[in-house]
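Q: Below are the sequence and a predicted model for it; my questions follow.
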Amino acid sequence: MSLTGVVEYLRPHTVEQAFAALGPAARPVAGGTDLILHAPASVTTLIDLNELPLDFIRHGDGHRIGANTLLAAIEEHPELAAHLGGVLPEMLRHVGSPLLRNAATIGGHLARGRLSDVVPVLLALDATITIFDGITRTLTLEDFYRSETHRRRMLITEVGIPPAAPRSAAAFVKLSRSFFDLAMLNCACRVDLDGDGTVASARVVVGETPALGAPVASAAAVLRGTSLTDDDLAAAAREAVAAIEFGSDSRASAEYRADLCRAAVRRCLATARERLGGLS
Amino acid sequence: MRVDVTVDGVAHTAEIDPGESLMEVLRRLGYKSVKNGCDNGDCGSCTVLLDGRAVNACLVFAARAAERAVTTVEGFPADALHPVQEAMLALGGIQCGFCTPGMVMLAVDLLRRHPNPTEAQVRDALAGNFCRCTGYVKQVEAILSAAGGGGG
């Protein structure tokens, strides 16, 4: 779907140049798959970010993923694909279609900050995000969205995935009307076990409530110290339902989302538990 | 603006609008196998390879294809069809033919990455390529057969 009214197409070679070009009528293009459909009519300048050296996956203390990395490249990366029991490919296969994942980038997706299966999983993994807004700085992905930094004038340069704890697993559940549809609700979780097999720490993230995914601290708190019995999972699910203010939209009603949330949290944690069983 | 783009090995210099999609530019250049089905990234009938990866040409800005290689189904001449095309013909993986070019290009990309895909992998890969004539059974069979025949 071509955009009309665009008169200028820039290809900056540095992050500083790209940032300087940003403005109300100038939008950055990473994969461009969302912008080409949804850009406001006021956009007259496109800033192509693909000349920036941001297409990389580096292993060091965890993984660093350049903002221009294709979603498909994350799916195909052997170590990222295996991270915490395979939660990244488990989630990514639900994102659009293979064609979309061959064009959409992680930076572009996170900048969009809406309708996301990716965000809950990255939050569950305690991901960080590095941005440039005059200076380069790194913040947690949770702070990035909580402070609405994604709506400000900035460029995303990198995403960080911390290394996995020794006994840790994550999982993702998407509930949608059909495989291809956007989620009515989604859930990502991560559980780290102590040496004695009880839960040292956990993350429970619920998204498409219909707000963007956010960690539910109370649900994670009730899991701490437990051995993940069915009752523990049900308690976490109850906490999540109680903590979240659900809303209605064309995909699902608030009431239905509360039911979906109860099921999704339980299922997601059960899958993580299964993966932890496979580790011991 | 002017961009240099290579399509099926042929170098073109195209005059494009900065907001134009790759699909529109390819069709203007005469590559009519790149179908405009939905112009919304849903149907996959405009699928082409961009530097070897299958993408929706309607969702990619044409300017992004500058100095990159685009491959359409027209890159496989009639006397040297890709194994996926041979298998589609042999097994009836086509009916009206509208979705076929896109589906072939998707399958070419799939078999490059997964030379021996499972049926589940083929079905997952086809998630963004719609066929409104059939139930996908013959296309899935054809792609699996092309893989078995050393395709990709």
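A: Now that the structure is in, tell me what you want to look at. Note that the structure is a prediction, hence the values are computed from the model and not measured. Residues are numbered from 1 along each chain as shown, chains lettered A, B, ... in the order given.

Q: which non-adjacent residue is nearest the residue nearest the centre of chain A?
A: Chain A has A:Val119 as the residue nearest its centroid, 1.7 Å off, counting by C-alpha atoms, centre = their mean. Leaving aside its chain neighbours, A:Val119 sits nearest to A:Gly213 (4.6 Å; criterion: C-beta to C-beta, 6 or more residues apart in numbering or on different chains). For the C-beta atoms, the positions are set from N, CA and C on the backbone; glycine is no exception.

Q: Could you report the neighbour count for that neighbour?
A: A:Gly213 sits with 27 neighbouring residues when counted by other C-beta atoms under 10 Å in any protein chain shown.

Q: Could you do A:Thr226 as well?
A: A:Thr226 is flanked by 16 other residues according to other C-beta under 10 Å.

Q: Three-state assignment for the closest residue in space to it that isn't next to it in sequence, please.
A: Nearest non-adjacent residue to A:Thr226, counting by C-beta to C-beta, 6+ apart: A:Asp232, 4.1 Å away. Per DSSP: H, G, I helix; E, B strand; the rest coil, the local secondary structure of A:Asp232 is helix.

Q: Distance of A:Asp232 relative to A:Arg167?
A: A:Asp232 sits 17 Å away from A:Arg167, going by C-beta to C-beta, to the nearest Å.

Q: ditto for B:Ala90
A: As for B:Ala90, its distance to A:Arg167 is 51 Å (criterion: C-beta to C-beta).

Q: would you list every one of the strands in the stretch 1-150 of chain A?
A: When secondary structure is read from DSSP state E, counting those that start in this stretch, the stretch 1-150 of chain A shows strands at A:8-10, A:26-29, A:45-48, A:57-60, A:62-66, A:128-132, A:136-140.

Q: contacts for the fourth one?
A: Strand A:57-60 is contacted by residues A:His63, A:Arg64, A:Ile65, A:Gly66, A:Thr69, A:Ala73, A:Ile74, A:His77, A:Glu79, A:Leu80 when judged by C-beta atoms under 8 Å, 6 or more residues apart in numbering or on different chains.

Q: Just list whatever residues bridge to the third one.
A: The reference is to A:Ile65. Legend: beta-bridge partners of A:Ile65 under DSSP bridges are A:Ile57, A:Val159.

Q: In this structure it contacts A:Ile161, no?
A: Yes. A:Ile65 is within contact range of A:Ile161, at 6.9 Å (criterion: C-beta atoms under 8 Å).

Q: Same drill for those two, tell me which one is more crowded.
A: Neighbours around A:Ile65 and A:Ile161, counted as other C-beta under 10 Å, are more numerous at A:Ile65. The numbers are 25 against 22.

Q: show me what contacts that one?
A: When contacts are counted by C-beta under 8 Å, 6+ apart, A:Ile65 is found next to A:Phe56, A:Ile57, A:Ile74, A:Leu80, A:Ile106, A:Glu158, A:Val159, A:Gly160, A:Ile161.

Q: and the gap between A:Ala202 and A:Leu122?
A: A:Ala202 is 16 Å from A:Leu122, by C-beta to C-beta.

Q: Just the pLDDT for the residue nearest to A:Thr226.
A: On the pLDDT scale, A:Asp232 is placed at 97.

Q: Next, the buried residues of stretch A:56-74.
A: The neighbour-count check on stretch A:56-74 (16 or more other C-beta atoms under 10 Å in any protein chain shown) flags A:57, A:62-74 as buried.

Q: and if you look at stretch A:194-201?
A: Buried residues in stretch A:194-201, counted by 16+ other C-beta under 10 Å: A:Val199, A:Ala200, A:Ser201.

Q: Most proximal residue of chain B with respect to chain A?
A: Across chain B, no residue is closer to chain A than B:Gly128, which sits at 2.4 Å (C-beta to the nearest C-beta).

Q: shouldn't that residue be in contact with A:Arg101?
A: No. Taking C-beta under 8 Å as the contact criterion, B:Gly128 and A:Arg101 are not neighbours in contact, 9.0 Å apart.

Q: more crowded one of the two?
A: Neighbours per residue (other C-beta under 10 Å) separate B:Gly128 from A:Arg101, with A:Arg101 holding more: 26 against 23.

Q: residues in contact with that one?
A: A:Leu70, A:Leu71, A:Ala72, A:Glu75, A:Leu92, A:Val95.

Q: ok, and the closest non-adjacent residue to A:Gly32?
A: Using C-beta to C-beta, 6+ apart and skipping residues adjacent in sequence, the residue nearest A:Gly32 is B:Phe61, 4.9 Å away.

Q: Can you tell me what sits against stretch B:23-40?
A: Residues from elsewhere that reach stretch B:23-40 (C-beta under 8 Å, 6+ apart): A:1-2, A:37, B:5, B:7-8, B:12, B:14, B:16, B:21, B:43-46, B:48, B:56-58, B:62, B:65, B:70, B:72-74, B:98-99, B:101-102, B:130.

Q: Quick check on the residues you listed: which are buried?
A: The neighbour-count criterion (16+ other C-beta under 10 Å) marks A:1-2, B:5, B:7-8, B:12, B:14, B:16, B:21, B:43-46, B:48, B:56-58, B:62, B:65, B:70, B:72-74, B:98-99, B:101-102, B:130 among those as buried.

Q: For chain A, what lies in contact range of chain B?
A: For chain A, the contact set with chain B under C-beta under 8 Å from any C-beta of the partner chain comprises A:1-9, A:29, A:31-33, A:36-37, A:39, A:46, A:48, A:50, A:70, A:72, A:76, A:93, A:96-100, A:102-103, A:179-180.

Q: Now the buried members of those.
A: When neighbours are counted using 16+ other C-beta under 10 Å, the residues of chain A next to chain B contain these buried positions: A:1-3, A:6, A:9, A:29, A:31-33, A:36, A:39, A:46, A:48, A:50, A:70, A:72, A:93, A:96-100, A:102-103.

Q: Which stretches in the stretch 51-200 of chain A count as helices?
A: When secondary structure is read from DSSP state H, counting those that start in this stretch, the stretch 51-200 of chain A shows helices at A:71-76, A:78-82, A:87-92, A:98-101, A:106-112, A:118-124, A:141-146.

Q: According to the record, where do the domains of the chain fall?
A: The chain I'm using is chain A. A:8-48, A:57-161, A:168-279 (automatic domain parsing).

Q: my bad, the chain I had in mind was chain B
A: Split into domains by automatic domain parsing, chain B comes to B:2-75, B:83-148.

Q: okay, the ones you listed in CSV with mean pLDDT next?
A: Compiled in CSV, the domains of chain B are given as follows (pLDDT from 0 to 100):
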stretch, mean pLDDT
domain B:2-75, 96
domain B:83-148, 94
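
Q: Select, out of these, the one closest to A:Arg266.
A: Distances from A:Arg266 to each of those were compared by C-beta to C-beta, and the smallest falls on domain B:83-148, at 25.5 Å.

Q: Can you list the buried residues in the longest helix seen in chain B?
A: Counting residues, the longest helix found in chain B (DSSP state H) is helix B:100-113. When neighbours are counted by 16+ other C-beta under 10 Å, the buried residues of helix B:100-113 are found to be B:100-111, B:113.
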